[in-house]
Every structure is written in structure tokens, then in C-alpha cells.
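**Q** sequence unknown, structure follows:
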Ligand code: PMP
């Protein structure tokens, strides 16, 4: 299979899997136990914390491990409203991941005011609309660092500076930025940030919340004193170990020419599709993007049909976020960028990874154009 759906999830790296295996069986201790088996697990969790902290430019004490970015986003939102009961407004954007949008919708039903800032046709947030809505009434501003559907990178520095000036906490969903861009949280005006291991060749079901030192925090889960009382529940030691190793590999890759090579490969794909298919548009191409993502509209066909046909040929693609693609609705991200519903439905996401080869992209450029032509010849618009 030519796997180009890495924004949905990535394969666990072999080194990560090998590093995790002992922690399932012979090294099975509970990290809270005082005996040696327990302390070995506790040490392994701390080593992983240091590795993730280095990847994102934070200190280890600022990293709280949990079950994934969905939990991290829910936790950051809940914490902000609980810590500031008199503030009833939350600001976000129209193009967030459902793990931010849906908890905010739940708060809206409870009477909170939710401001959803629009984005520009480039896919970047409309800062002229967003920034004036940030004021002392806000409990939180929550913004995606890099968009999972288009790869477009937002200016979190500019947004965070306004949050600082207005003394409003700033949460960032950093899931798709981690391991793809060099991140230095220590130097940025960000208070909380979510991460997920399975987007960077780590295992599923483990993630982390970055919690800036001194930032007020209310845990979502209470119980044992794990994670310094910030997230109760016996630590998933094998998964956390895997996350740490995955973070270390990602940091090494970022320090090479890997990102430039990946960008070049993505450009080859985008150019090749335009040349061989015609009537192709790359969403977000004028905005800064993470190196691995291409969201491509093929005029006159159904993106979902192309994903299904490509799958038959051994190419794994997606119509948008995996979480939303079961819903058969046009992407809220593309609609927010001003696309008509039929344009949004004609779009397909290619998400590459550091292991994607030139050969795979060339093969994809051979396999896809005939499928695109076939679908266009069937389209009700009567193309071709
Ligand atoms: N935020 C973004 C931007 C994502 O892409 C995802 C994964 N689809 C999540 C949050 C949720 O992460 P997890 O799978 O770890 O819950």
C-alpha cells in the first residue's frame, strides 16, 4: 500500500515498537510502586517526558501525559472555564478539529458565548476579525497550530501576543505541527498545547498536554496522584515510552534536510497531479504549510469516490479528517475557506510522512490520473 494518510495516523516506527516491547511484559511495574519494578517504570516515564519536552522546546515539568490530543483539548477547555468561573466567552476559529469544536458546542448549550473566527480563502485565520474579539471577558482562546486537513500553519505568535496583552489564556492544538515544524514553546506566548503520539510514528491512545509553568490548572480526571495530580490514572508506561522515542526520532529528523526533502516531494506530487489531471487546485498553497500535507481539489468529481477507487489500487488517501469522513458532509474547513459544497466534496487530502519515497509519489502519479479521468467521464455534469 502507498500510504498517504499520515495526518490520520502514522505507522509506529520500528525503533519505537522495539523500545516499547519490554514494558508490556518483563518490565510491567506500576510507576507509582516503591519497589524496583515500579521505579524502573517511573524512570522510563520521566525519560519520555524529557524527550517530548526537547521536541517541543518546553521543560519536562510542563508535560502532562494523557490518552491523546482529544483528552488534551477537552482538558484545556474545561480547565480554563473552571479556573475562571466569571468569564463566559471563549474564542476559537471555524476550522478547528472536532475535539475542540464539540466541547465548545457543549459549553454553548450551557450558556457560554463561543466566538468562531473566520478564515481567509488562503486557509489562514482572518486575524483582523479574530484579534478584536480577544478581551478581558474571554476565558480562553483556542487555535489550531497547523490544520489537519490543509496543513496551513497559523500565526500563533501574533495571536498569543494579543492574548498576553489582554491576560487571556491561550490554548493551541499542536498535534499536526509537532514533528513537522521546529517548535519552541518556551519562547512563545502559549499557555497550553496538545500533542498526540500516533501522528508522529508513536502508538495510538497516548498524548500530552503542555502546561506552562505556573499556569492555573484544573485537572479533568481526578483520582490517584499521577502526573503530579494533573492527570489521574495509572500511567500507560509502554505507550509513554513509545511517545518519548517517537519524539526523539522526530527531533533528529527535523535537524536534517528531511523537511526540505519532504516539501520537495509534496511539490512534485502537486505539480504532477496538475500536469496529468488538469483542473486541479491545491488548497492553502499560498499560505505557510507543514511540509507533508496537500489538499487537492479535482474539478468535476467526487473526492470520496476517488478515495475509494484509489484504495482499490493500493493508494490510501482521505477526503479530510478521518474523524469527520464517516459523516459524508463536505469539510467544514474547506467551506470556511469559501469553497462551494460541491468544490469541497471534490477534494482529497494527501498526507505524506518522512518515510514516503520518491518511487511512491511517482507510482501515485501513474495510478491516479486514469482514475480521475474515469470519474470525470461518469460525473453528472457530463464532463468529457
Ligand atoms: N487535533 C488534531 C489537529 C488532530 O489532527 C487530531 C487527530 N485527528 C486530534 C486533535 C485528536 O488526536 P487524538 O487522536 O490523539 O485524540
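**A** Cool, got the structure. Quick caveat, the model's predicted, so the values are computed rather than measured.
**Q** how much space between residue 85 and the ligand?
**A** 26 Å (CB to the nearest ligand atom, to the nearest Å). Placement of C-beta: from N, CA and C, glycine included.
**Q** What is the three-state secondary structure of that residue?
**A** At residue 85 the chain is in coil, as set by DSSP: H, G, I helix; E, B strand; the rest coil.
**Q** what stretches of the protein score poorly on pLDDT?
**A** 321-327, 379-384 (pLDDT under 70).
**Q** The ligand contacts on that one?
**A** 68-70, 97, 99, 144, 148, 173, 175-176, 196, 207, 321, 323 (CB under 6 Å from any ligand atom).
**Q** Quick check on these: which are buried?
**A** Buried members of the residues of the chain next to the ligand, scored by 16 or more other CB atoms under 10 Å, are 68-70, 97, 99, 144, 148, 173, 175-176, 196, 207, 321.
**Q** got the residues you listed as TSV, with secondary structure columns?
**A** Compiled in TSV, these are given as follows (three-state DSSP):
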residue	secondary structure
68	coil
69	helix
70	helix
97	coil
99	helix
144	strand
148	coil
173	strand
175	coil
176	coil
196	strand
207	strand
321	coil
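**Q** which residue ranges form the strands in the protein?
**A** 2-3, 63-66, 89-93, 113-117, 138-144, 170-173, 192-196, 207-211, 280-283, 293-298, 315-316, 347-351 (DSSP state E).
**Q** Out of the ones you listed, flag the one nearest residue 230.
**A** Closest approach to residue 230 among these (CB to CB): strand 63-66, 4.6 Å.
**Q** Just checking: what are the partner strands of that closest one?
**A** Using DSSP bridges, the strands paired with strand 63-66 are strand 207-211 (antiparallel).
**Q** Helices of the protein, start to end?
**A** 14-20, 36-56, 69-83, 98-109, 127-130, 156-166, 226-229, 237-254, 258-277, 303-312, 322-325, 332-336, 341-344, 358-378 (DSSP state H).
**Q** Of those, which is nearest residue 4?
**A** Short answer: helix 358-378, nearest of those by CB to CB, at 7.0 Å.
**Q** Report the inter-axis angle for the closest one versus strand 347-351.
**A** 170 degrees (axes from the mean of the first three to the mean of the last three CA atoms, to 10 degrees).
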